[in-house]
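Asks: need a structure here:
(one chain, ligands or ions: 3)
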Amino acid sequence: MRVFACPRCAAWVEFEDLVCLLCGTALAYTPSLDEMLASDGQVLCRLRDRISCNWIAWPGGSEHECLSCRLSTERPDGDDPVAISQLAVAEYAKRRLVRQLVHLGLPVERREGDDGLAFVLKSPAGGEQVRTGHANGVITINLMEANDARREELRIRLGERYRTMLGHARHEIGHYYWQVLVDGTHRSPGFRDLFGDERQDYGSALASHYGGEGSTDWAAEHISQYATMHPWEDFAETFAHYLHIADALETTAAVGVSVNGPTGVAQPLAGSIRSAGLADIAAKSMLQVLAEWHGFSLAMNAVNRSMGEPDLYPFVITPAIAHKLAFVHDLVRQPG
Ligand SMILES: [Zn+2]
Ligand SMILES: [Zn+2]
Ligand SMILES: [Zn+2]
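Replies: Ligands and ions are numbered 1, 2, ... in the order given. All right, here's what the predicted structure looks like:
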């Protein structure tokens, strides 16, 4: 994420802020400029008061919803405060996702007819199951996962190292881009070489994964155990991971964090941990990106441990995973 300045007083404001904390100016994020404006004179997203969406309305849209909110074709209505707060958490993650997709130049088209993208955000009700997932451009998010206690309980039960709403959004959008940018294209053979043949049966893969037959020897070639389930899941996990790294490196460059340590450690370890951040990920090869990322991830984990927190980055990138990330990098750099 880039850094934003208040348009009145130039104080640092966060992407999610509705108001400048220093001077009180109401703020409006404008995705076409990737800029924070004063809200005066802007047509604001109609969900601003309801879910704290700080974006301007999409120009030309009759419903006065922003680029991100207008992708949600189904969401809780009514006055249930729990449902509204869960929706706000999900949309908060989704705005960060949408801003990054636009920033990276990936197509973000609202669903019209059978094409494009739509989000269905809902909680289980009346005995109905809601499975977070993707089908033909429609991404369903189970809003129960916006509850921190519930999501953490699931993370522990499923033995996962990482589980966030932003991670869910980035994973599911990976399925969408596989379908739009890889399936049936010249990239398909390269995909199968790296991730496997996606024509294997998905239903039985799902059943054996949740039936406890998941691989225990997964870390050499997969970013997560979940990625071993099926080539589609491997791609979605890798795609999400790419977005994590790209966002974090954009942020470190924007705030001017560089890692020059550790000091007092024998070479060659010290020499391998120097990172200055990447403002423009597209200009670098994936190996260069990962070299930069290596230093930050080790440093951030060390700081987190000082605070008694788990590692910020509980992952290991092996050469096989780096090749998969390079496939995603090429796709993002040339999506056409
Ligand atoms: Zn201000
Ligand atoms: Zn909005
Ligand atoms: Zn998936």
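Asks: Name the residue of this protein that lies nearest to ligand 3.
Replies: residue 236 (4.4 Å; CB to the ion). Glycine gets a C-beta too; all of them are placed from N, C-alpha and C.
Asks: ok, that residue - how many residues close by?
Replies: 24 (other CB atoms under 10 Å).
Asks: And this protein, what are its domain boundaries?
Replies: According to automatic domain parsing, the chain comprises the domains 64-161, 183-336.
Asks: Could you work out the end-to-end span of the shortest one for me?
Replies: Read it as domain 64-161. End-to-end distance of domain 64-161 (CA to CA, to the nearest Å): 39 Å.
Asks: That domain close to ligand 3?
Replies: No: Domain 64-161 is not in contact with ligand 3 by CB under 5 Å from the ion; minimum separation 6.2 Å.
Asks: where does the residue of the chain closest to ligand 3 land in three-state SS?
Replies: helix (DSSP: H, G, I helix; E, B strand; the rest coil).
Asks: List the residues that contact it.
Replies: Residue 236 is in contact with 134, 171-172, 174-175, 178, counting by CB atoms under 8 Å, 6 or more residues apart in numbering.
Asks: and if we set it to 7 Å?
Replies: Applying CB atoms under 7 Å, 6 or more residues apart in numbering, one finds that residue 236 lies in contact with 171, 174-175.
Asks: Of these, grab the buried ones for ChimeraX.
Replies: Per 16 or more other CB atoms under 10 Å, the buried members of the contacts of residue 236 correspond to this ChimeraX selection:
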select :171,174,175
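Asks: need the domains of the chain in TSV with distance to ligand 2 and mean pLDDT, can you?
Replies: Shown next, in TSV, are these (distance: least, CB to the ion, whole Å; pLDDT from 0 to 100):
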stretch	distance to ligand 2	mean pLDDT
domain 64-161	3	95
domain 183-336	20	89
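Asks: would a markdown table of those with distance to residue 34 be doable?
Replies: Listed next are these as a markdown table, based on distance: least, CB to CB, whole Å:
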| stretch | distance to residue 34 |
| --- | --- |
| domain 64-161 | 6 |
| domain 183-336 | 11 |
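Asks: quick check, residue 141 in a helix?
Replies: No: counting by three-state DSSP, one finds residue 141 to be strand, located in no helix.
Asks: can you pull the contacts of it?
Replies: By CB under 7 Å, 6+ apart, the neighbours of residue 141 are 90, 119, 121, 132, 168.
Asks: Which of those residues fall in strands?
Replies: Among these, the members found in strands (DSSP state E) are 119, 121.
Asks: which of the contacts of residue 141 are close to ligand 1?
Replies: Answer for these near ligand 1: none qualify (CB under 5 Å from the ion).
Asks: What is the nearest of the contacts of residue 141 to ligand 1?
Replies: residue 90 (28.3 Å).
Asks: give me the number of residues near that closest one?
Replies: Each residue near residue 90 was counted by other CB under 10 Å, and the total is 25.
Asks: please renumber so the chain begins at 651
Replies: With 651 as the first residue, the last one maps to residue 740.
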